[in-house]
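Got a sequence here, can you model it:
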Amino acid sequence: MNSGNISIIGKPNVGKSTLFNLLISKHLAGATRKPQTTRHKIDGVLHENDTEYIFVDTPGINFNIRKDFNRILNKNALTAMHEADVILHIINYNKIDEDDYKVIENIKNISSSKILVLNKIDLDKNKNKLPTILSKIPNEIVGIYDEIIPISSKKSENITKLKNIIKKYLPDNRSKKFNGIISTKPSEFFVAEYVREACIKYLSVEVPYSLHVEINKFEDEENLISVAATIFLKKNSHLSIVIGKNGSMLVKISKFARINSEKLFNKKVYLKIFVKYDPRWKNSESFLNSYK
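Down below sits the predicted model:
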């Protein structure tokens with residue numbers, strides 16, 4: 001059988017998490033239209049026939065921000081490249097820009113197999129531009145990759161074809177490393193991610209980047225999972241926004257996270273969310289260490 005790690009990398013907001021969820025047929029990673037939704041490396045295991053795919057979603061690589069937190073996210077993504085048997089480099093189909101070239105500089109000398117994935121081809125309504133776009137990719141870039149494939153994560157186009165291409169480059173391994181699991185991440189991790197995804201989805205642009213979610217309690221019983229979570233906010237003025245009038249926004253966030261948790265765990269989930277103002281959470285050692 002074939003088994004190996006496939007790291008999905010690229011600059012922010014090119015559709016890495018949407019593709020990751022499609023490839024494993026589960027909603028494990030938060031996927032929104034806003035950049036930097038993904039903060040962690042998230043692995044997802046898929047078994048198909050004689051193949052074990054270990055897909056790894058990574059934070060968008062951003063070389064333009066020099067804060068400690070962004071350095072950690074970049075380090076996580078770059079580390080995932082070196083751990084991969086196959087690298088999927090995702091770019092927007094209609095443009096390779098300076099940030100894409102910076103990613104290319106970091107992967108070109110890695111010995112792993114590399115696949116360039118041109119995402120969002122659904123934006124080309126007539127598909128007339130695609131051959132032209134492919135022809136304009138410089139030869140020095142084409143030569144870095146073992147394969148180039150256009151896809152649409154939004155329309156699920158060419159996803160099966162992509163998996164078949166990946167399979168060709170996975171090592172032959174007779175034993176399944178991750179038989180019976182869908183991820184090495186603990187269950188409570190995904191509840192926290194669903195809460196944070198809901199915040200990004202429903203709140204104004206600034207607020208989600210100034211919050212952090214921690215799980216305080218996770219009790220997994222036979223027919224019910226009971227969870228208590230806290231949303232930490234960097235700004236006191238955001239408390240009323242996250243809670244909403246008569247608690248309406250918090251109810252909305254909780255419902256989104258609960259429904260997705262129940263789909264993942266296949267059992268009822270009771271979720272209680274608290275909101276707390278803590279201006280120091282982003283600089284705390286415990287928070288930064290959770291991303292290392």
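
Only the buried residues of the top helix by length along the chain, if you could.
Across the chain, the longest stretch assigned as helix under DSSP state H is helix 248-265. For helix 248-265, a neighbour-count test (16 or more other C-beta atoms under 10 Å) marks 249-250, 253-254, 256-258, 260-261, 264 as buried. In this view, the C-beta of every residue, glycine as well, is placed from N, C-alpha and C.

Let me see the domain layout of this structure.
Per automatic domain parsing, the domain ranges recorded for the chain read 2-168, 187-289.

Lowest average pLDDT across the ones you listed?
Among the domains of the chain, domain 2-168 carries the lowest mean pLDDT, a mean of 86.

now the helices for the stretch 1-150 of the chain?
Taking DSSP state H, counting those that start in this stretch to define them, one finds helices in the stretch 1-150 of the chain at 16-24, 68-83, 98-107, 130-135, 139-142.

Which among the domains of the chain is found nearest to F178?
Comparison of the domains of the chain against F178 by C-beta to C-beta identifies domain 2-168 as nearest, at 4.4 Å.

how far does stretch 212-229 sit from the chain's center?
Relative to the chain's own centre, stretch 212-229 is displaced by 22 Å; criterion: C-alpha atoms, centre = their mean, to the nearest Å.

how far does it stretch from start to finish?
10 Å (C-alpha to C-alpha, to the nearest Å).

And stretch 200-208, by the same measure?
End to end - C-alpha to C-alpha - stretch 200-208 spans 5 Å.

Now do the buried residues in it.
Neighbour-count burial for stretch 200-208 flags 200-203, 207-208 (criterion: 16+ other C-beta under 10 Å).

Inside helices: which ones of those residues?
Under the assignment DSSP H, those contribute 200-202 to helices.

Format those as JSON lines; extra columns: distance to I159.
Below are those laid out as JSON lines (distance: C-beta to C-beta, whole Å):
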{"residue": "I200", "distance to I159": "24"}
{"residue": "K201", "distance to I159": "23"}
{"residue": "Y202", "distance to I159": "28"}
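
And these, which is closest to V117?
I200 (23.3 Å).

coming back round to it: what's the following helix or strand after the longest helix of the chain?
strand 268-277 (DSSP states H and E).

Sheet partners, orientation included, of that following strand?
Taking DSSP bridges as the criterion, strand 268-277 forms sheet pairs with strand 224-233 (parallel).

Need the contact partners of the partner strand.
Defining contact as C-beta atoms under 8 Å, 6 or more residues apart in numbering, one finds that strand 224-233 is touched by 187-188, 191-192, 195, 199, 207, 210-219, 239, 242, 257, 261, 265, 267-278, 281.

Stretch 165-177 too?
Contact partners of stretch 165-177, identified using C-beta under 8 Å, 6+ apart, comprise 1-4, 6, 47, 51-54, 85-86, 88, 113, 115, 146-147, 149.

Drop anything exposed from these.
Buried members of the contacts of stretch 165-177, counted by 16+ other C-beta under 10 Å: 2-4, 6, 51-54, 85-86, 88, 113, 115, 147, 149.

quick one: which of these sit in strands?
Using DSSP state E, 2-4, 6, 51-54, 86, 88, 113, 115, 147, 149 are the members of the buried ones among the contacts of stretch 165-177 that sit in strands.

Distance to I165 added to those residues, as CSV?
CSV is the format used below for those (distance: C-beta to C-beta, whole Å):
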residue, distance to I165
N2, 12
S3, 16
G4, 13
I6, 11
T51, 12
E52, 16
Y53, 12
I54, 16
V86, 9
L88, 10
S113, 10
I115, 6
E147, 5
I149, 6
